[in-house]
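Enquirer: Task: produce atomic coordinates for the following.
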Amino acid sequence: MRNGLRPLLAAAALAAATTGVAYTFGPGRSTADGDATPAARRAAFSEACQVNATPAKRQLRGVWIATVHNLDWPSKPGLTEERQRADYVKILDAAVRRHFNAVFVQVRPASDALYASPYEPWSQWLTGTVGKNPGWDPLPFLIDEAHKRGLEFHAWFNPYRAAATADLSRLPASHPARQHPSWVVKYQGKAYYNPGLPQVREHTVKIVDDVVRRYDVDGVHFDDYFYPYPVSGVPFADQAAFTKYGKGRSLASWRRDNVNKLIAEVGQAVHAAKPYVKFGVSPFGIWRNKSNDPAGSDTKGLSAYDAIYSDARAWIKARSVDYIMPQLYWPRGFAAADYAKLVPWWANQVKGTGVHLYIGQALYRVGTKDTAAWTKPGELPAHLTLNRKRPEVMGDVYFSATQMLKNPLGVLDRIATDHYSRPALLPLMPARGGARPAAPTGLKAAAGTLSWRPAPGARSYAVYRVSDPASAPCAVDDPRNLLAVLPSVSGAGAAIAAKQGGTYLITALDRLGNESLPATTTLP
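Expert: Alright, predicted model coming up:
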């Protein structure tokens, strides 16, 4: 994925003030019904709450943590376990300070593993040598530390990259590419697994299924690398597989079908293993150009459908994914790929499908001279302002963690002020199940601290405050009242300093963000 050789740059070469939105719903309602339509809310309750939806109460705010080439973590190979742990915690703490609520951590960059895999070798990005045991399994730590901070953990896999070298003799003898050289297609000095082989799909599904079953992940994530980004005049040598499995289709349609099958099979495996685990993909930002297809976007860049056989529109229609996260790594007004045109296009694709739409944001380009727009600190925050006009956009994920720590042009400070001044709950995804927990009990105040007993099934707790007790029935519906989202540590209750008087409301949240009715207390 985004590894300094970003094809997005090559693809690019190819080629308003926010107001509060009022919602109507009644006091005392179950906040587990928070995503019901306004009409349903009006029908269920006779009294109304006028609520400002800016900032949003439910919004995914994430960051990619890339391990390939030590882009984000570990910062370099061969670090001690203690240093690796400390560096990771630094990233998570920075995410929490920014009111983020999810991390997307690359656990399989290229048929390797940043965890104890029974099928693939240890990643070279841990120790400097592919296959070398680092002496510990990082993945439980990576997941636990995220959960301790209230961050959802998505395990990020690359499905088809086999190795960063075409010389298979440089890989350990146990490497799947050496054990099954017939799976491999060599292209531009790298090794790829052939997407046209059923054995490759089976292997990829097995890898993902193993992680989902053995580790407490919240999501499985693929990026934009399917068939390799093409180099003019250099064919991808999958003719033998096409001859065997093509069944009269064109090469392009067969390749797209291979990817579509993998996406469907991975999603099925993930949900069969653990129904609550989400599966999604961050495709290249242009599906097709309108010049290629009337259903395409008004763009002039690389077409993922035609160049890398990535048909994200088909995955949405088939509900093969729980979310789609297009990488819209261009500014507003960019001729080949205008952010302001792409957001509405993607919003229209997910409308009415139940598939969540999050936007991949190019934090790594802020402050660069790729275009004049990226030299302006207001460009990226303006993307989030534009997103507010599209209710289908349920959040944003930033590439990547290193830039989050650097905060180029102070852009994250502006985003914090204008968009992330309050924490946010995760968007609800009913297809993945879950249920409203029981409300917290034993809420009490002592010595300036609010505390409560744990609620069964709670992953975290939301804390709201209003100064006027009369507004308390509507308090949990207004995101401006949300003070904090506190993780539940080992099933324990929680506590928070009550620095001001007023009415406090505490709700319990399950791992999917379903919210309980509030426990309430008023302090003088």
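
Enquirer: Touching the longest helix along the chain from outside, list them.
Expert: Counting by DSSP state H, the longest helix found in the chain is helix 251-273. Applying C-beta atoms under 8 Å, 6 or more residues apart in numbering, the external contacts of helix 251-273 come out as 159, 195-196, 201, 204-205, 208-209, 212-213, 220, 222, 226-227, 238, 242, 245-247, 249, 277, 279, 281, 305-306, 309-311, 314-315, 318, 320-322, 432. Every residue, glycine included, has its C-beta placed from N, CA and C.

Enquirer: Output that helix in CSV with nothing but the alpha carbons.
Expert: Provided in CSV are the C-alpha atoms of helix 251-273 (Å, rounded to 0.1, in the frame of the first residue of the first chain):
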residue,chain,number,x,y,z
LEU,A,251,-9.2,-11.5,-19.6
ALA,A,252,-10.3,-8.3,-17.8
SER,A,253,-13.7,-9.7,-16.7
TRP,A,254,-12.0,-12.9,-15.5
ARG,A,255,-9.5,-10.9,-13.4
ARG,A,256,-12.3,-8.8,-11.8
ASP,A,257,-14.2,-11.9,-11.0
ASN,A,258,-11.2,-13.4,-9.3
VAL,A,259,-11.0,-10.4,-7.0
ASN,A,260,-14.7,-10.4,-6.5
LYS,A,261,-14.7,-14.0,-5.4
LEU,A,262,-11.9,-13.3,-2.9
ILE,A,263,-13.7,-10.4,-1.4
ALA,A,264,-16.9,-12.4,-1.0
GLU,A,265,-15.1,-15.5,0.4
VAL,A,266,-13.1,-13.4,3.0
GLY,A,267,-16.2,-11.6,4.1
GLN,A,268,-18.1,-14.9,4.6
ALA,A,269,-15.2,-16.5,6.5
VAL,A,270,-14.8,-13.5,8.8
HIS,A,271,-18.5,-13.4,9.7
ALA,A,272,-18.7,-17.2,10.1
ALA,A,273,-15.8,-17.1,12.6
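
Enquirer: Give the buried residues for it.
Expert: Going by neighbour count (16 or more other C-beta atoms under 10 Å), the buried part of helix 251-273 is 254-260, 262-267, 269-271, 273.

Enquirer: so how far is it off the chain centroid?
Expert: 19 Å (C-alpha atoms, centre = their mean, to the nearest Å).

Enquirer: immediately after that helix, which helix or strand?
Expert: The helix or strand immediately downstream of helix 251-273 is strand 278-281, counting by DSSP states H and E.

Enquirer: What strands line up against that following strand, and which way round?
Expert: Paired with strand 278-281 in the same sheet, following DSSP bridges, are strand 219-222 (parallel), strand 323-324 (parallel).

Enquirer: Could you dump those strands into CSV with mean neighbour count added?
Expert: Below are the strands paired with strand 278-281 laid out as CSV (neighbours: other C-beta atoms under 10 Å):
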stretch, mean neighbour count
strand 219-222, 25
strand 323-324, 24
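
Enquirer: Is it possible to get the ones you listed out as a markdown table so that each row also shows distance to W183 and mean pLDDT?
Expert: Formatted as a markdown table, those follow (distance: least, C-beta to C-beta, whole Å; pLDDT from 0 to 100):
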| stretch | distance to W183 | mean pLDDT |
| --- | --- | --- |
| strand 219-222 | 18 | 98 |
| strand 323-324 | 28 | 98 |
